[in-house]
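> heads up, no residue letters with this:
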């Protein structure tokens, strides 16, 4: 607090250098405790921490992790990229590749920061940006405290800087190093990103080119004119293009009626199962139980049963069944209240079991009759070709000269399709998409209001105004004050990072996208926009002490652009400790909690209390879902923060914490993706273009901030030399998109392995040993996509899914055989060879794991024999 009574410096802006060590202690305490708990619980709760280890093929099976305290870590480290691809697929490989690339990049930058930049910051007075003799206000920050130099100070207006255009301190020549390393680190980032992109593309092309799935042979045809909306006409149309033979066509129809009936059936089925569970959970009358279990009677019965031979055994079984029926008859059957009459004022109770069984039977009749109907066709179809090359030729060419007609797109996996959106009108889906996008944009912009309020409430100056006695007590106790200034702000921001993605994931599911993979990529983009705007842009432009004045700062910036430049450069240094605490808490404190799956463990007891039926208990032990949209945006923000602070004083501290973050993140996510969590989405590595685009955003932010810092320190020539780098970065972005994007969306015809493939002679760029290894992988093992899609084809599950019976006992009921014959005659697709083979597809409603719901009965095997599943 200044003598004038105005809050300035760290008192208002955030934690000081002393508070950093408090944050370090808090983060280490949280992280170590969670890590120790995980190491203790991992060998005991194998149904949770080894839920994905299902492969029996030794060529693709993951290694068994030892049950020792630390022995699992070397085994996890030794898992190769080929094993990651075979077990988790392309999406997991791309996700982990970003962490490995970040590790290599920031380790290289850290080397130059220690060898070159740190001596420059120590030898030159980097904390003074004004001529000698002029004091710099403010407290000492953590960076400059470590460097034993004053806090970096930026003038608040350009007039102050222009008034001293000829600084007396000639040591300001060190600012040329800022310009040089801005260029160098930018080119270094582009080099690593370019190299990793080439590697990802090569792996993707080889991976998809060597497998053979129905997804790789199918494309989605949209904008179909009304005159060819039939399976036979679409088949003839595609074959007339002379790109290949059509294996089957699935024309999407308006299945809203049958989908609604199937959804209602699920509700009825669960109510019937709950009624049966309530009935079976009741204890029989005490008198009847004692009569059935009298010792003398039991002994006499067993003796008579042993002496009378086969006939007595048969009669004894019948008598036992009769006793069981009597026992069941004595139980009170559950009731359900039905309302009827005027305004449903009258009601009566009836037997719940009979009511729901009869209602389910009648509903099943409606479903069977509905499956026989001919639904009106839509403008979308899934066309399966006889080869991958024919499908790729279809999706990479323009089929029709009319705009918006007969557009070809790669098809998602059958289990990934959200069928309710395939027959929705195009205008409706576009309105939904634009409506959600506009809503999310305004929500992200307006979200800074609660953040500003929380930041103000956690400020010591604000507390002195609102609660003076509480603020004075904080000032007297250094540890409590450090916790309030350090732990609470970063904890609030971290909680927002955890809670907000769930809202954006729900909104992404309402945008009308056709596949769950598209929803996942959309969630990544939305969550990154929120995190980058609210945690980086708002904090950087306004500063944590002035978030409540954000609009006034924007208004002043529109009048005078120098205002936002001054705020941008000043806030970056003011908020260094805040971002340092953020990276520290996210890496050292929260990653072990993610490894522990603290959320799943905490919610298990709540879900356990609400579980009533065997189906509910089976769902409790299913693997958790790994949502890339929840984890990738935070990692991208940490990447940008490490870039932004890579040149400023104390860069080695940020870079070291960034390396710790990406190291821990790589191992935590590698374990979850391979062993403990499910990832049913099928995006074929589609997140990599998003990652590259966000890295470009970080590069531009890094360069603009360095320009602002150089300008405000009167290094106009150096700042001017950085401006072409911004233009060059944009050019590289557009050039790389034009060059790499097609290879991240499609499969190159040259990559498709055929029986007549000439091998390495026609591809001299490949190493012969690598070609031999790839050929061996192709011949001896199948990919996870091939295992997942074996026997599947594109058909709405509501048309062919068996009408399962209530799950009353531990084992799930078998599917009724009559449903299979009905499915064969009502599949809704035409095969090119005239044959019909229907396998029940996996149901995907966009809300849960497809792979997990494939076999609910297996969960009891894991629970009873969990010791053998690691």
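Arrived safely. Computed from a prediction, not measured in an experiment: that's the story for all the values here. Residues are numbered from 1 along each chain as shown.

> what about the closest residue to residue 223 other than its chain neighbours, how many residues close to it?
Distances taken as Cβ to Cβ, 6 or more residues apart in numbering put residue 405 closest to residue 223, at 4.5 Å, once the chain neighbours are dropped. To be clear about C-beta, it is placed using only N, CA and C from the backbone, and glycine gets the same treatment. For residue 405, the neighbour count with other Cβ atoms under 10 Å is 13.

> Just to be sure, residue 405 is in a helix?
No. Under DSSP: H, G, I helix; E, B strand; the rest coil, residue 405 sits outside any helix and is assigned coil.

> Now do the contacts for it.
When contacts are counted by Cβ atoms under 8 Å, 6 or more residues apart in numbering, residue 405 is found next to 223-225.

> In the stretch 551-700 of the chain, where is pLDDT below threshold?
Filtered on pLDDT under 70, the stretch 551-700 of the chain yields the residue ranges 551-570, 681.

> Show me the strands in it, by range?
624-625, 677-678 (DSSP state E, counting those that start in this stretch).

> burial measure for residue 238, as a count.
25.

> packing partners for the helix or strand where it lies?
Using DSSP states H and E, residue 238 falls within helix 231-240. The helices and strands touching helix 231-240, judged by 3 or more Cβ pairs under 8 Å, 6 or more residues apart in numbering; DSSP states H and E, are strand 246-253, strand 377-385, strand 829-831.

> how far away is residue 733 from residue 466?
Applying Cβ to Cβ, to the nearest Å, the value for residue 733 to residue 466 is 47 Å.

> More neighbours: the two, which one.
residue 733 (18 against 12).

> That one against residue 697, yeah?
No. Residue 733 is beyond contact range of residue 697, at 9.2 Å (criterion: Cβ atoms under 8 Å).

> Serialize the helices and strands packed on helix 231-240 to JSON lines and add fields for mean neighbour count, distance to residue 602 and mean pLDDT.
Formatted as JSON lines, those follow (neighbours: other Cβ atoms under 10 Å; distance: least, Cβ to Cβ, whole Å; pLDDT from 0 to 100):
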{"stretch": "strand 246-253", "mean neighbour count": "24", "distance to residue 602": "41", "mean pLDDT": "94"}
{"stretch": "strand 377-385", "mean neighbour count": "23", "distance to residue 602": "41", "mean pLDDT": "94"}
{"stretch": "strand 829-831", "mean neighbour count": "18", "distance to residue 602": "45", "mean pLDDT": "48"}
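
> In CSV: those strands, plus distance to residue 539.
Converted to CSV, these look like this (distance: least, Cβ to Cβ, whole Å):
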stretch, distance to residue 539
strand 246-253, 46
strand 377-385, 44
strand 829-831, 54
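
> I'd say residue 420 and residue 258 touch.
No. If you go by Cβ under 8 Å, residue 420 and residue 258 don't touch, sitting 10.8 Å apart.

> Compare these two (neighbour count), which wins?
Using other Cβ under 10 Å, the more surrounded residue of residue 420 and residue 258 is residue 258, with 21 against 18.

> who touches the more buried one in this structure?
Contacts of residue 258 by Cβ under 8 Å, 6+ apart are 367, 370-371, 375, 796, 798-799.

> residue boundaries of the helices in the stretch 601-750 of the chain?
614-620, 628-644, 651-671, 687-711, 716-745 (DSSP state H, counting those that start in this stretch).

> out of those, which comes closest to residue 50?
helix 651-671 (9.9 Å; Cβ to Cβ).

> Now find how far off-centre the closest one is within its chain.
Helix 651-671 sits 19 Å away from the centroid of its parent chain (Cα atoms, centre = their mean, to the nearest Å).

> Just list what it packs against, helices and strands only.
If you count contacts as 3+ Cβ pairs under 8 Å, 6+ apart, helix 651-671 packs onto helix 72-77, helix 90-112, helix 142-147, helix 576-584, helix 591-596, helix 628-644.

> Output those as a markdown table; include the columns distance to residue 444 and mean neighbour count.
A markdown table is the format used below for the helices and strands packed on helix 651-671 (distance: least, Cβ to Cβ, whole Å; neighbours: other Cβ atoms under 10 Å):
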| stretch | distance to residue 444 | mean neighbour count |
| --- | --- | --- |
| helix 72-77 | 36 | 14 |
| helix 90-112 | 23 | 21 |
| helix 142-147 | 30 | 21 |
| helix 576-584 | 18 | 25 |
| helix 591-596 | 24 | 22 |
| helix 628-644 | 12 | 23 |
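
> what residues are up against the residue lying closest to residue 659 once chain neighbours are set aside?
Distances taken as Cβ to Cβ, 6+ apart put residue 106 closest to residue 659, at 5.3 Å, once the chain neighbours are dropped. If you count contacts by Cβ under 8 Å, 6+ apart, residue 106 has them with 642, 646, 655, 658-659, 662.

> And the pLDDT at the residue nearest to residue 223?
Listed pLDDT for residue 405 reads 91.

> what's near enough to touch residue 737?
689, 693.

> Give me the phi and psi for the nearest residue to residue 353 once chain neighbours are set aside.
In space, residue 353 comes closest to residue 275 once its chain neighbours are excluded; the distance is 5.4 Å by Cβ to Cβ, 6+ apart. Backbone torsions for residue 275, taken as degrees, to the nearest 10, come to phi -70, psi -40.

> Next: the one 3 residues further on.
According to degrees, to the nearest 10, the main-chain angles of residue 278 amount to phi -70, psi -40.

> returning to what we had before: how about the helices of the stretch 601-750 of the chain in TSV, adding distance to residue 575?
Listed next are these as TSV, based on distance: least, Cβ to Cβ, whole Å:
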stretch	distance to residue 575
helix 614-620	43
helix 628-644	10
helix 651-671	12
helix 687-711	12
helix 716-745	21
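
> Out of those helices, which gets nearest to residue 244?
Residue 244 lies closest to helix 716-745 among the helices of the stretch 601-750 of the chain, at 19.8 Å (Cβ to Cβ).

> got the buried residues for that closest one?
Residues of helix 716-745 classed as buried by neighbour count (16 or more other Cβ atoms under 10 Å): 718-719, 721-722, 725-726, 729, 732-733, 736, 740, 743-745.

> Closest one of the residues you listed to residue 193?
residue 736 (8.2 Å).

> Give the full set of residues in contact with the closest one.
194, 197, 692.

> Could you report the pLDDT at the first one?
At residue 194, the model reports a pLDDT of 96.

> for residue 833, same thing?
40.

> One more: the one 10 residues further on?
Residue 843 is assigned 42 on the pLDDT scale.

> Surely residue 428 is within a helix?
Yes. Counting by three-state DSSP, residue 428 is located in a helix.

> I figured it hits residue 435, correct?
No. Using Cβ under 8 Å, residue 428 is not in contact with residue 435; the gap is 10.5 Å.

> More neighbours: those two, which one.
Remark: of residue 428 and residue 435, residue 435 carries more neighbours, 14 against 11, as counted by other Cβ under 10 Å.

> Just the buried positions in the helix or strand where the more buried one lies, please.
Assigned by DSSP H and E, residue 435 belongs to helix 426-446. Neighbour-count burial for helix 426-446, counted by 16+ other Cβ under 10 Å, picks out 429, 432-433, 436, 440, 444.

> Mind putting the residues you listed into TSV with pLDDT and distance to residue 400?
Putting those into TSV (pLDDT from 0 to 100; distance: Cβ to Cβ, whole Å) gives the following:
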residue	pLDDT	distance to residue 400
429	88	20
432	89	26
433	88	23
436	89	29
440	84	34
444	75	38
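
> Which one of these is nearest to residue 113?
Closest to residue 113, out of all of the buried residues of helix 426-446 and judged by Cβ to Cβ, is residue 444, at 32.6 Å.

> contacting residues around that closest one?
Per Cβ under 8 Å, 6+ apart, neighbours of residue 444: 529-530, 533-534.
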